[in-house]
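Student: below are the sequence and a predicted model for it; my questions follow.
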Amino acid sequence: MQYGLLVMGAPYSNPAPHSALRFAHALLSCGHQITGVFFYHDGVHNASSLMAPPQDELNLREAWAELNQQHGVQLDVCIAAALRRGVMSESEAQRHGKQACNIAAPFELTGLGQLLELQQRVDRLITFA
Amino acid sequence: MQYGLLVMGAPYSNPAPHSALRFAHALLSCGHQITGVFFYHDGVHNASSLMAPPQDELNLREAWAELNQQHGVQLDVCIAAALRRGVMSESEAQRHGKQACNIAAPFELTGLGQLLELQQRVDRLITFA
Amino acid sequence: MASPDALLVVIRHAPHGSNWLREGLDAALVAAAFGQPVHLLFMGQGIMALMKEQGSGAPGQKATLPTIDMLEMYDIDTLWVAEGALQSMNLSADSLIEGVTLIADQEVPELLSQHAKILNF
Amino acid sequence: MASPDALLVVIRHAPHGSNWLREGLDAALVAAAFGQPVHLLFMGQGIMALMKEQGSGAPGQKATLPTIDMLEMYDIDTLWVAEGALQSMNLSADSLIEGVTLIADQEVPELLSQHAKILNF
Amino acid sequence: MILHILTKAPDSSAATQMQQALGEHDAVLLTEEAVTAALDPSWVVWQQCQPRIFLLSEDLISRGLASIAAENKLPTLEMEGFVALTEQYEKTVTWY
Amino acid sequence: MILHILTKAPDSSAATQMQQALGEHDAVLLTEEAVTAALDPSWVVWQQCQPRIFLLSEDLISRGLASIAAENKLPTLEMEGFVALTEQYEKTVTWY
């Protein structure tokens, strides 16, 4: 089946991203496809390239990126939720006159419409929050 | 009296920073001093220079910075809580091999000891979480 | 009222306490803008979003009522409220804005099953 | 047991659900490292931090027990648990690690008033 | 004597814990979500802590609860009153 | 038929809301904080939803609740069982 995941919890403050990631790997090992992961609400922090957890803890950004590289899972981040929370791409940084950015490929800043489209396209949308 | 504030909620996801800021201004207008604000837990996101809320919403980073500039309030951010959540100064970015940073003066990354010292120094420590 | 292709957005969080309410309403508005029929169900503290006397928050904290007022412009005119939730919060329907549809608690499972798509905020 | 210059750290959140527990314990450890006497009071879900059989979390999620074990090395040996909280969670003291001191619920206000400094996590 | 600041609804675990910690001479300030206590004048803490329990006015107004609090004759404070409470009570504990 | 995923404790408002939304043929998966329901076999949802209610094993283990769940003879699932439930139920709703 085609699955989509909606992740709305921040790493370290909420177990939702960890649960989502474990679930994603279980999906793949059961032979399912993951069309995309949509990061919304505090979940946008999963995409932060500045995240630097202690070495004995999982870097969730890296773990999501790996899911993209090895299994082609699309990683979409809600732009409105991200900007408000300080998660910004290079082009958005330019537009807002900021000197730095903290989100880059394979994560993509996109509109909420992408979430609704994902929900239409997949057989199952599972929320982790 | 000397006050210290401990802020542990993220902007927009939690009303704590808004409450803390209103309280801070009330303190000042009642003639009290604010020795420092310590940002811990999700409160570290208050310091993010990449935060870009919609124009009709308050930019909390700017509001805190103003409190520093106009009233000399020290703004300390717990370094361990910050790094884990993707909030990083230029020197920390170098150390972690990151290309960007999202916290700068008047916010300072510091250890938890600073919170305990603040608690010792002030007459009142008020927590917003 | 319910149609199988409609999206049900469930709102369970109050204004100002978090961003769940705001971001839930945003999802409803965007879905409606994309032409999807959208219904809203308010449960628990989410009912507070419908309080007719609510103001804006602390300086810089947006009020919710203007967004609620926008729903109609986007053809979102079904706002369900479970009666039990109202009662358990000691609220009367008079405290809420107009245009709300009260339903019995027992109808909630049926509502969920009638919608193919659900987003829970 | 309580001394007026000691710091009371109140722990109310369970492992894995959030980072409150971890960051609360960190504050206790740092205070102790600075030479402050530190006492811990576990309330509500915070008691779960003391479950003796707890493991690590999902891959990459640290276990709490090693941190709890470190407390003693930092001379933090007062771990209070309110009996009522244990009962209301249907837990028996046997499920908890050793070295915990049970107190009656009515003693909690007294504990708080005996400490000049309190941090609540 | 402690000032307890509650930021969560009266049916939250934070509220339960605060209630357990409440000493005889302590005071309570209800802020943020906790102002929904205005809807429930039978909440046990109203009695337990009278006359040293207050609702923060600004948070009532933003949630549309100001007139209900007034009808129920519940004591409210402005931000300056909050400051005054923290002057009066040497310790504050926030329950969230 | 809906699969309800609960991530908060049985005394949370999320749990109350889930209970209100629970249809006759729906299933429930208890994850994260919700696995503390293992401590309370008298929780009304255990009866209401039997035999279609499960605890996520990994979350029980990390919280030290696995043996209590076993003593109380409560049904547990591995992550693959969670996947199987989502295959079986066309819709899932997460309560958090």
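Tutor: Looks like it arrived, so ask away. Everything numeric here is computed off the predicted structure, so don't read it as measured data. Numbers count the residues shown, from 1 in each chain, chains lettered A, B, ... in the order given.

Student: tell me which element C:Leu8 is part of?
Tutor: Take DSSP states H and E as the rule and C:Leu8 turns out to sit in strand C:7-11.

Student: what angle do whichever helix or strand comes after that strand and strand C:7-11 make?
Tutor: Counting by DSSP H and E, the next helix or strand C-terminal to strand C:7-11 is helix C:20-33. Orientation check (axes from the mean of the first three to the mean of the last three CA atoms, to 10 degrees): helix C:20-33 against strand C:7-11 gives 160 degrees.

Student: all strands of chain A, in order?
Tutor: Applying DSSP state E to chain A gives strands spanning A:2-7, A:33-39, A:74-78, A:107-110, A:124-128.

Student: can I get those in a markdown table with mean neighbour count and distance to chain E?
Tutor: Where C-beta positions appear, they are placed from N, C-alpha and C, glycine not excepted. Converted to a markdown table, these look like this (neighbours: other CB atoms under 10 Å in any protein chain shown; distance: least, CB to the nearest CB, whole Å):
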| stretch | mean neighbour count | distance to chain E |
| --- | --- | --- |
| strand A:2-7 | 24 | 24 |
| strand A:33-39 | 23 | 25 |
| strand A:74-78 | 23 | 25 |
| strand A:107-110 | 20 | 31 |
| strand A:124-128 | 24 | 22 |
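
Student: give me the pLDDT value at the residue lying closest to E:Val45 once chain neighbours are set aside.
Tutor: Using CB to CB, 6 or more residues apart in numbering or on different chains and skipping residues adjacent in sequence, the residue nearest E:Val45 is E:Gln19, 5.7 Å away. Confidence at E:Gln19, expressed as pLDDT, is 97.

Student: starting at the chain centroid, how far to the strand or helix carrying E:Gln19?
Tutor: In this structure, E:Gln19 sits in helix E:13-21 according to DSSP H and E. Relative to its chain's centre, helix E:13-21 lies at 12 Å (CA atoms, centre = their mean, to the nearest Å).

Student: same check on stretch A:114-128?
Tutor: Using CA atoms, centre = their mean, the distance from the centre of stretch A:114-128 to the centre of the chain it belongs to is 13 Å.

Student: need phi/psi at C:Ile118.
Tutor: Torsion angles at C:Ile118 (phi, psi; degrees, to the nearest 10) stand at phi -130, psi 140.

Student: kindly report the same for C:Ala14.
Tutor: phi -80, psi 160.

Student: if I look at it, how far off is chain D?
Tutor: 20 Å (CB to the nearest CB, to the nearest Å).

Student: what number of residues lie near E:Gln11?
Tutor: Wrong residue type there; residue E:11 is Asp, not Gln. For E:Asp11, the tally of surrounding residues (other CB atoms under 10 Å in any protein chain shown) stands at 19.

Student: ok, now A:Met1?
Tutor: 14.

Student: before we move on, what about the one 10 residues further on?
Tutor: Summarising burial for A:Pro11: neighbours were counted as other CB under 10 Å, giving 31.

Student: enumerate every residue touching the nearest residue in space to it that is not next to it in sequence.
Tutor: Excluding its sequence neighbours, the residue lying closest to A:Pro11 (CB to CB, 6+ apart) is A:Leu60, at 4.3 Å. In this structure, A:Leu60 makes contact with A:Pro11, A:Pro17, A:His18, A:Leu21, A:Asn46, A:Met51, A:Pro53, D:Gly60, judged by CB atoms under 8 Å, 6 or more residues apart in numbering or on different chains.

Student: in TSV, list those residues along with pLDDT and distance to A:Ala80.
Tutor: Formatted as TSV, the contacts of A:Leu60 follow (pLDDT from 0 to 100; distance: CB to CB, whole Å):
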residue	pLDDT	distance to A:Ala80
A:Pro11	94	20
A:Pro17	97	20
A:His18	95	25
A:Leu21	97	24
A:Asn46	98	16
A:Met51	96	21
A:Pro53	93	26
D:Gly60	66	29
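
Student: show residues contacting the next helix or strand after the helix holding E:Gln19.
Tutor: Sequence order places strand E:27-30 as the next helix or strand after helix E:13-21, per DSSP H and E. Strand E:27-30 is contacted by residues E:1-6, E:18, E:22, E:37, E:45, E:49, E:52-56, E:59, E:77, E:82, E:85, E:88-89 when judged by CB under 8 Å, 6+ apart.

Student: nearest spatial neighbour of the most centrally placed residue in chain E, skipping sequence neighbours?
Tutor: Centroid-nearest residue in chain E, with CA atoms, centre = their mean: E:Leu30, separated by 2.5 Å. The shortest distance from E:Leu30 to any non-neighbouring residue, by CB to CB, 6+ apart, is to E:Leu55 (4.9 Å).

Student: what does A:Ile34 give?
Tutor: In space, A:Ile34 is closest to A:Val73, 4.7 Å off (CB to CB, 6+ apart).

Student: so which strand or helix has C:Thr101?
Tutor: strand C:100-103.

Student: quick one: strands adjacent to that strand?
Tutor: strand C:79-82 (parallel) (DSSP bridges).

Student: quick check: closest non-adjacent residue to the spatially most central residue of chain A.
Tutor: Nearest to the geometric centre of chain A sits A:Phe39, at 4.3 Å (CA atoms, centre = their mean). With sequence-adjacent residues excluded and distances taken as CB to CB, 6+ apart, A:Phe39 is closest to A:Val77, at 4.5 Å.

Student: also C:Val9?
Tutor: Going by CB to CB, 6+ apart, C:Val9 has C:Ala28 as its nearest residue, at 4.3 Å.

Student: in contact with that neighbour, which residues?
Tutor: Counted by CB under 8 Å, 6+ apart, C:Ala28 has contacts C:Leu7, C:Val9, C:Val38, C:Leu40, C:Leu71, C:Tyr74, C:Ile76.

Student: pick the one among the contacts of A:Leu60 closest to C:Phe34.
Tutor: Set against C:Phe34, the nearest of the contacts of A:Leu60 by CB to CB is A:Asn46 (24.9 Å).

Student: give me the number of residues near the closest one?
Tutor: A count of nearby residues for A:Asn46, using other CB under 10 Å, gives 28.

Student: which residues of chain A lie near chain B?
Tutor: Residues of chain A lying close to chain B (CB under 8 Å from any CB of the partner chain) are A:10-13, A:41-42, A:45, A:48-54, A:57, A:80, A:83-88, A:92-93, A:96, A:98-102.
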